[in-house]
Each structure stands twice: as C-alpha cells, then as structure tokens.
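**Student:** from the sequence below, what's the structure:
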Amino acid sequence: MGDDMGDTSDFSVIHSPAGDTLPVAKRRNAEGGARNGAEPAALLEFIDHHRGWLQDQLATRGAALLRGFGLATPAQFEAAARAVEPVLKNEYLGTSPRDALTPYVFSASELPPYYPIPQHCEMTFIKDPPRRLMFACLVAAKRGGETPLVDMRQVAADLDPAVRGRFETGGIRIIRNYGGPSGSGRFDLWQLKRWDEIFQTTDRAVVEAKCAAQGVFTDLRWGPGDRLRLISEHEALRAHPETGVPVWFNHAQVFHLSAAPAELRRIYQRTGELRSLALWRFAQAAVAAKRRFTASDEQALHCTHRGGREIADADLEHLRDVIWKHMIAEPWQAGDMVVIDNNSISHGRLPYHGPRQVVVAWA
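**Tutor:** Numbering: from 1, shown residues only. This is a model prediction of the structure:
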C-alpha cells in the first residue's frame, strides 16, 4: 500500500456471521494501551499518513472504523471529515429529521431512541447520491444505538434469483405525502418532516424546480391542507460506479409501510427487550389499519413496484433476512469515526438507552 504504518495504531478486522468484514485502525500508546484521550490532531495525522490504507479499505471492504483518536466535538469531526474528503456537501433531501451542528455536520437522526432505522445507502432516491459518508460518535449510548453496516454488494449477490428478478423487472416506486408549513392536514405517525423542511423553502416554485432538477419524479401534486405528493421511480439495483459490481441501491426496505414492524420484530428477536416487543405489536396493528383504510398513494410513506403494483410481502421478508445476515453491528465507543463508501455500504440505527450523540457528514 505504500504507507509506513509505524507503531502508533493497531489494525484488525471485525467479522459478521456471514463473513463480511469491517477493518479497524485503533490508536494506541507506546505501551500498547488504547489512547482514549488522544488529541484529535492524531486522527488528522493518521488520515494523512495512511491515506493509501484507507482508500484500499474503501475500495475493497467499503468502510473503515477509526478508533481511539478522541473526537469530541462537531468541529473536530468536520476537520477529520475534510481530511478524508475536502469538499463536503450539506444539501439533505432525506426524510429523517436532523439538526445542523456546523455548516457541514449534522446529527445523524433526531428520531426517538426506540425507533429503528432500517439499512439504506444514503439518499439513493436522488439524482446524485453522496459518494462518501462519515459518522462519528461523540457520546456513546448506555446500551444499543449501534450504526450497523451492510455490504449491499453481498446482498445483491445473495438474493434469491427469482426475488431479485422481480425487483429488477418491477423496479421501485416511492410514494411520499408531505404536510406543509401551515401545519394543517391529518396526523400520521409515518409523517417525519414537512415539505418546507425537506426543501428549505416555502416557495412552491422552488420546490418544483428542485424536483425537476432531480429527474426522478413521475408525479408532483399539490393537495388540500398545504400537502405535497411526490412519486418517484427507481431501479432496484445499480452498478457500482467504479467496479461495475451490482449493488442493492434503493430504499424499499426503509420506505415500505411494513418496515417498522419488520425491523422491530428482528430487534426483539436479537435483544429480547420487552420495549421492542410492545412496539413491534403496536406497529403491526397500526400498519394493518393503514393498509385497510388508506390507499397506497395516500400513505405518508410507502413504495410499490412501477405502475403501483404492491411488492410481495414474502419478497420483502427475504430481502430483510439477507440484509440482517450480512449486518455488522459494532457498539460505538466515544470518539469513533467511520468512513463509508456510500456506493456499496448501507447503514442504519438500532434502538438505544441513555444519551447518545452520533453525527454525520457527506461528500
């Protein structure tokens, strides 16, 4: 790789049950112990000296965990993120609520701690998704709160050929119904943000222009109560822009109406927590009611195949099983930083207890 690794960091690999790997570079002192209080400047030095190693990991494994470098503030994280990718971006067209902490660093999500976030590559539904994604943990949760990673190249390869074929043929159609700045409209637990929060404007003409620039929306419709419906169509898989390897690259497992109960059931099976059991049963009942009383195109958030044909529940369950099979869920330590190739590696969030602060930047 051409880098002098020196003796200030230990290099190891974390494995998933399916054999996926996450490389780790851990800062240590001369006696071999972890330097949990290391100055963040050491991280900038590490990135500069081991750029070849980092790029190799992103090109092959798709991610790398940098541990023990003492990141403690959003500004320190932004400096480290810029050391990896000098040109950061800050336009966010996603659905998860986030707070800006610096011009280019955001809270990873402001969703309640009990709410799971399914695996996804960032902003797959826009014209130019981020190429790099970087997370840092400033405060680690008392329990849970992992940001699991999944190699979506492996997911694409591991899908049952018949299921994969149905997704390749049918594609993905995303339905989003947003409330507006007036705050009127019906209450919906699945409604995460208003359209003025998504697009950072109350000017409908600006919203329409931004949507037109994306080139993915087949329907944009203003409705009563200051509402906005957006429907977009996407391929289920795409070739990695550098290697050509097929990648599962869409939000079906996130935006489908059944996502919450499906995730909560798996989390309950993983943790045995009664909170997850209660939420799973509540979400299951709520989804059944929404399916019965609300048409697909009226849902706050949902997806189908092109043409409005519903995605088979069995196909979604198989997809989720494959995703969970390849998941690496390493507990955060305060000061950790993860660098991700967003073209191949997805991320999510497991529920947690206690204070937690995870921040994100992208390029």
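
**Student:** hey, let's count contacts and neighbours off CA atoms from now on
**Tutor:** Fine.

**Student:** run the chain-centre distance for the helix or strand containing residue 221.
**Tutor:** Using DSSP states H and E, residue 221 sits in strand 217-223. Relative to the chain's own centre, strand 217-223 is displaced by 25 Å; criterion: C-alpha atoms, centre = their mean, to the nearest Å.

**Student:** try stretch 248-258
**Tutor:** Remark: stretch 248-258 is offset 11 Å from the chain centroid, using C-alpha atoms, centre = their mean.

**Student:** ok, and what's touching it?
**Tutor:** 117-121, 124-125, 152-153, 155-156, 172, 174, 234-238, 259, 284, 287, 301-304, 316, 319-320, 343 (C-alpha atoms under 8 Å, 6 or more residues apart in numbering).

**Student:** check stretch 93-104 too.
**Tutor:** Contacts of stretch 93-104 (C-alpha under 8 Å, 6+ apart): 74-75, 78, 88-90, 106-111, 123, 126, 192-193, 198-199, 361-362.

**Student:** check stretch 195-212 too.
**Tutor:** By C-alpha under 8 Å, 6+ apart, stretch 195-212 touches 92, 93, 94, 95, 178, 179, 180, 181, 217, 220, 228.

**Student:** please report phi then psi for the fifth one.
**Tutor:** Going back to what we said before, that points to residue 178. As for residue 178, its main-chain torsions (degrees, to the nearest 10) stand at phi -100, psi 140.

**Student:** and the next element down the chain from the helix or strand of the chain with the lowest mean pLDDT?
**Tutor:** In the chain, no helix or strand scores lower on mean pLDDT, DSSP states H and E than helix 195-199, which sits at a mean of 91. Where DSSP H and E defines the elements, the next helix or strand beyond helix 195-199 is helix 204-214.

**Student:** list the buried residues of that following helix.
**Tutor:** 207, 211 (16 or more other C-alpha atoms under 10 Å).

**Student:** ok and it relative to strand 217-223, angle-wise?
**Tutor:** On the basis of axes from the mean of the first three to the mean of the last three C-alpha atoms, to 10 degrees, helix 204-214 is oriented at 170 degrees to strand 217-223.

**Student:** after the biggest helix by length in the chain, next one along is what?
**Tutor:** In the chain, with assignment by DSSP state H, the single longest helix is helix 274-293. Next along the chain after helix 274-293, taking DSSP H and E as the criterion, comes strand 301-304.

**Student:** quick check: mean pLDDT across that next one?
**Tutor:** The average pLDDT within strand 301-304 is 97.

**Student:** got it, and stretch 173-186?
**Tutor:** On average, the pLDDT along stretch 173-186 is 85.

**Student:** pull the distance from that stretch to the chain's centre.
**Tutor:** 22 Å.

**Student:** got it, and stretch 356-363?
**Tutor:** 11 Å.

**Student:** list of residues touching that stretch?
**Tutor:** Contacts of stretch 356-363 (C-alpha under 8 Å, 6+ apart): 74, 78, 81, 85, 87-90, 104-108, 130-142, 145.

**Student:** PyMOL command for the buried members of the contacts of stretch 195-212?
**Tutor:** This is how PyMOL selects the buried members of the contacts of stretch 195-212, with burial counted by 16+ other C-alpha under 10 Å:
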select buried, resi 92+95+178+179+180+217+220+228
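
**Student:** and residue 138, what are its phi and psi?
**Tutor:** Dihedral angles for residue 138 - degrees, to the nearest 10 - are phi -90, psi -30.

**Student:** OK, contacts around it?
**Tutor:** 71, 72, 73, 334, 335, 336, 356, 357, 358, 359.

**Student:** hang on, the earlier thing: same for the longest helix of the chain, what does it pack against?
**Tutor:** For helix 274-293, the helices and strands in contact under the criterion 3 or more C-alpha pairs under 8 Å, 6 or more residues apart in numbering; DSSP states H and E are helix 259-271.

**Student:** can you give me the helices for the protein?
**Tutor:** 41-49, 51-60, 74-84, 152-158, 161-170, 195-199, 204-214, 252-255, 259-271, 274-293, 313-325.

**Student:** with residue 70 as the reference, measure out to the nearest residue to residue 259 once chain neighbours are set aside.
**Tutor:** Distance criterion C-alpha to C-alpha, 6 or more residues apart in numbering; nearest residue to residue 259, sequence neighbours excluded, is residue 253 at 6.1 Å. With distances taken as C-alpha to C-alpha, to the nearest Å, residue 253 is found 34 Å from residue 70.

**Student:** with residue 340 instead?
**Tutor:** Taking C-alpha to C-alpha, one finds residue 340 at 19 Å from residue 70.
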